[in-house]
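Peer 1: No sequence on hand, only this structure:
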DNA sequence: TTGTATGCGTTATCAG
DNA sequence: CTGATAACGCATACAA
């Protein structure tokens, strides 16, 4: 029963055609007479043929593989991006080989080699341990999502704008002190622009403001205690003012808001809170909170579009004239929910 | 510059060895003298050789691919499972081709064919549209996770036990009416056992109990309104009793709890709430809630173990004697948090 | 320890 | 419209 797999040879023998004709049946069926198409079709089911794409790859060089290296699925933004990227199979047909980077450079380097060995046609990279310079040196179509991408194609949200608008809402709503919570991003990382966007707007507003930084890990307990410390700091500094806090991801924003509430402060009366990502956490929180929405679907589509363009170009041109990297920026959309409320207008209206 | 890739032939020519020797350098280096190993190693860097695993696959038949079909990454349980499965690369070296099932049978069937065409060595299936009978018919090593698996290997949490214990906590804590919220699972699906586990325990307790069912989709607004309707129903039925609600996933439990709280009911005084999954939502909720923990890491490890066993067995035996499917059950761990509190004991202690 | 010959299952090239 | 033959890049039995 452990027969070899049925191959084109077997079908050829069975139908008295040549292997070439069988191949043509799959790749260019119209070049056969309908009669013969039927004969082969019947033979296929009679012999229970299963196609072997590995052999096809070796013969024509097209793997239809795209490699993905993503830091983890811990943050909702990542799992949502992966979800959307995988969803493009229906439109492009590319198969995805997925690796979890886990922030370890050597490991990611290894994964990259592995992907290259499998002759991926393109690479989507979301982790940031491997520099864009190095990535470019492999001469494989690649697009980075929300990370440093000086030398390669990339897609990212307009983080500066999103952060600027967040700060603007906080100040216009009548907050008296502004805060931004983030980690320690490099200058080229998108997260960095959230800081500059916030600061530029806060500066303009004339309000006191501060950026609170911390290296958050993936551990809840740890994250919680770090955020709690920040909350206490803010409370001590401005006990009686209305505070506006912009936090660079929804997971942390949710935890922070819960701390605020459990310590008896009110949202949005005492604290306005704005997150980033528009992940489910922002909707499903006890007080659904305002967030800067990343359009994961559009980011994924743009990434695939840029990748496919490179792949196509590579088939036509010589390898020595590579395309100029394009950096696509996707607009963020601030989604207002209950954690922000313009008390200035509110009062004015009540007075009328 | 668009030279052909460097192959064993080129290296052989460069070093005056044969292709076989070059092959051996990679697969059995000790069979060469150290001298010659060094010569080849130098040639490799000199020629900038990149390995081609596709050719190797065709030659030796081992793709080292494992296919994954997962419904979506919407529920945290899925993305966490995927995270843990991908994490096993470090121990087993298998590469993962990932497809999103999206609940569409025809689509999933297509993905399966695609995976088979790429000669995956094994399949991990978490979606449930394709029956285990059909899956078995493909004679590919396969393991199902948390789904119907009569004819194939599987891994699942002891859902009955988890649900039973959840109901037990609710009744022992002094709830006066028990509820379970779930969808409409088939009898063979693990979710079904959450219902029977709950019912058996509730029955035993002698308390009034009910199972509330609804087809929840992936849309937040819709889910929210359905859960709200359930809350209103419960409220109307037992306005003055202490209610215990066991909900079959943390996402829904979190939404439900927020509804309860926003309607001025207290947790755990008026409502005890228990979720399922131990996903971050259960920890990060405004009131961290008790949940039946699925040990995703162990589930992933068990799945890979069973899969690898099948793959190994297949190499040794004849295909006609397949292994008997094994069904691995992983213990759930109830994680008690603030949404449950034994008011009976509590009062007794206070009286002392 | 090293080499020769052949096969893996397709596709591509060139004829007819 | 169809066929013969040579790639594709590596692994493996068999020899030496």
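Peer 2: Right, received. Where do you want to start? Keep in mind that this is a model prediction, so the values were computed, not measured.

Peer 1: quick one: pLDDT of residue A:297?
Peer 2: According to the prediction, residue A:297 has pLDDT 96.

Peer 1: Contacts only, for it.
Peer 2: residue A:84 (Cβ atoms under 8 Å, 6 or more residues apart in numbering or on different chains). Where you see a C-beta, it was placed from the backbone N, CA and C, and this is true even at glycine.

Peer 1: try residue A:100
Peer 2: A:69, A:70, A:71, A:72, A:73, B:83, B:86, B:87, B:89.

Peer 1: my hunch is that the fifth one is in a helix, does that hold up?
Peer 2: Translated: residue A:73. No: using DSSP: H, G, I helix; E, B strand; the rest coil, the assignment for residue A:73 is coil, not a helix.

Peer 1: residues near it, how many?
Peer 2: 26 (other Cβ atoms under 10 Å in any protein chain shown).

Peer 1: Now that it has come up, it's in contact with residue A:81, right?
Peer 2: No: using Cβ atoms under 8 Å as the test, residue A:73 is too far from residue A:81 to be in contact (9.7 Å).

Peer 1: give me the low-pLDDT residue ranges for the stretch 251-352 of chain A?
Peer 2: A:317-321, A:346-352 (pLDDT under 70).

Peer 1: Show me where it has its strands.
Peer 2: Secondary structure of the stretch 251-352 of chain A (DSSP state E, counting those that start in this stretch): strands at A:271-277, A:290-293, A:327-330, A:333-335.

Peer 1: between those strands, which one is nearest to residue B:271?
Peer 2: strand A:271-277 (25.7 Å; Cβ to Cβ).

Peer 1: Run me through the strand neighbours of the closest one, direction for each.
Peer 2: When sheet partners are counted by DSSP bridges, strand A:271-277 sits next to strand A:243-247 (parallel), strand A:290-293 (parallel).

Peer 1: What is the neighbour count of residue A:150?
Peer 2: 13.

Peer 1: distance of it from residue A:87?
Peer 2: 29 Å (Cβ to Cβ, to the nearest Å).

Peer 1: same check, this time on residue A:248
Peer 2: 26 Å.

Peer 1: Over to residue A:259?
Peer 2: Where residue A:87 is concerned, residue A:259 sits at a distance of 35 Å (Cβ to Cβ).

Peer 1: More neighbours: those two, which one.
Peer 2: Ranked by neighbour count (other Cβ under 10 Å), residue A:259 and residue A:87 place residue A:259 first, with 20 against 17.

Peer 1: Name all residues that make contact with that one.
Peer 2: Applying Cβ under 8 Å, 6+ apart, the residues contacting residue A:259 are A:224, A:227, A:228, A:231.

Peer 1: one more time with 6 Å, if that's ok
Peer 2: A:228, A:231 (Cβ atoms under 6 Å, 6 or more residues apart in numbering or on different chains).

Peer 1: So which bits of chain A are right by chain B?
Peer 2: Contact residues (Cβ under 6 Å from any Cβ of the partner chain) of chain A with chain B: A:1-2, A:51, A:53-55, A:57-58, A:73, A:79, A:83, A:86, A:95-98, A:100, A:117-119, A:220, A:254-255, A:258, A:283-284, A:286, A:318-320.

Peer 1: Pull the number of nearby residues for residue A:162.
Peer 2: 27.

Peer 1: and if you look at residue A:188?
Peer 2: 14.

Peer 1: isn't there a strand covering it?
Peer 2: No: counting by three-state DSSP, residue A:188 is not found in a strand; it is coil.

Peer 1: you'd agree it is up against residue A:148?
Peer 2: Yes: at 3.8 Å, residue A:188 counts as touching residue A:148 under the criterion of Cβ atoms under 6 Å.

Peer 1: show me what contacts residue A:228?
Peer 2: Per Cβ under 6 Å, 6+ apart, neighbours of residue A:228: residue A:259.

Peer 1: So for whichever strand or helix holds it, mean pLDDT?
Peer 2: Element membership of residue A:228 [criterion: DSSP states H and E] is helix A:220-237. Within the predicted structure, the mean pLDDT of helix A:220-237 is 96.

Peer 1: from the chain's centre, how far out does stretch A:28-45 sit?
Peer 2: Chain-centre distance of stretch A:28-45: 44 Å, with Cα atoms, centre = their mean, to the nearest Å.

Peer 1: er, stretch A:197-217 I mean
Peer 2: Worked out by Cα atoms, centre = their mean, stretch A:197-217 lies 25 Å from the chain centre.

Peer 1: Between the two ends of that stretch, what distance do you get?
Peer 2: 24 Å (Cα to Cα, to the nearest Å).

Peer 1: Then stretch A:185-194?
Peer 2: Note: stretch A:185-194 ends 10 Å apart using Cα to Cα.

Peer 1: Quick one: residues in contact with that stretch.
Peer 2: Contacts for stretch A:185-194 (Cβ under 6 Å, 6+ apart): A:146, A:148, A:156, A:159, A:160, A:163, A:248.

Peer 1: Now do the contacts for residue A:285.
Peer 2: With Cβ under 6 Å, 6+ apart, residue A:285 has these contacts: residue A:254.

Peer 1: separation between it and residue B:261?
Peer 2: Counting by Cβ to Cβ - residue A:285 and residue B:261 are separated by 11 Å.

Peer 1: Could you pull out the buried residues of stretch A:55-63?
Peer 2: Going by neighbour count (16 or more other Cβ atoms under 10 Å in any protein chain shown), the buried part of stretch A:55-63 is A:56, A:57, A:58, A:63.

Peer 1: State the number of residues packed around the closest residue in space to residue A:227 that isn't next to it in sequence.
Peer 2: With sequence-adjacent residues excluded and distances taken as Cβ to Cβ, 6 or more residues apart in numbering or on different chains, residue A:227 is closest to residue A:256, at 4.9 Å. Around residue A:256 there are 25 other residues, counting by other Cβ under 10 Å.

Peer 1: How about the one 5 residues further on?
Peer 2: Using other Cβ under 10 Å, residue A:261 has 19 neighbouring residues.

Peer 1: Residue A:97 contacts residue A:66, doesn't it?
Peer 2: No: counting by Cβ under 6 Å, residue A:97 stays clear of residue A:66, with 7.3 Å between them.

Peer 1: Who has more neighbours out of the two?
Peer 2: residue A:66 (28 against 21).

Peer 1: For that one, list each beta-bridge partner.
Peer 2: residue A:96, residue A:122.

Peer 1: that older thread, cross-check the buried residues of stretch A:55-63 against DNA strand D and keep the overlap.
Peer 2: Contacts with DNA strand D within the buried residues of stretch A:55-63, counted by Cβ under 7 Å from any atom of the strand: residue A:58.

Peer 1: Which ones among the buried residues of stretch A:55-63 lie within helices?
Peer 2: Members of the buried residues of stretch A:55-63 lying in helices (criterion: DSSP state H): A:56, A:57, A:58.

Peer 1: Report the contact partners of the nearest residue in space to residue A:289 that is not next to it in sequence.
Peer 2: Ranked by Cβ to Cβ, 6+ apart and with sequence neighbours excluded, the top spatial neighbour of residue A:289 is residue A:339, at 3.5 Å. By Cβ under 6 Å, 6+ apart, the residues touching residue A:339 are A:267, A:268, A:273, A:287, A:289, A:290.

Peer 1: And for residue A:176?
Peer 2: A:241, A:242.

Peer 1: From chain B, how far out is it?
Peer 2: Distance of residue A:176 to chain B, given as Cβ to the nearest Cβ, to the nearest Å: 25 Å.

Peer 1: what does the model give that residue for pLDDT?
Peer 2: 97.

Peer 1: returning to what we had before: nearest to residue B:177, of the strands of the stretch 251-352 of chain A?
Peer 2: strand A:271-277 (35.8 Å).

Peer 1: could you give the angle of that closest one to helix A:220-237?
Peer 2: The directions of strand A:271-277 and helix A:220-237 differ by 140 degrees, with axes from the mean of the first three to the mean of the last three Cα atoms, to 10 degrees as the criterion.

Peer 1: Just the buried residues of strand A:271-277, please?
Peer 2: A:271, A:272, A:273, A:274, A:275, A:276, A:277.
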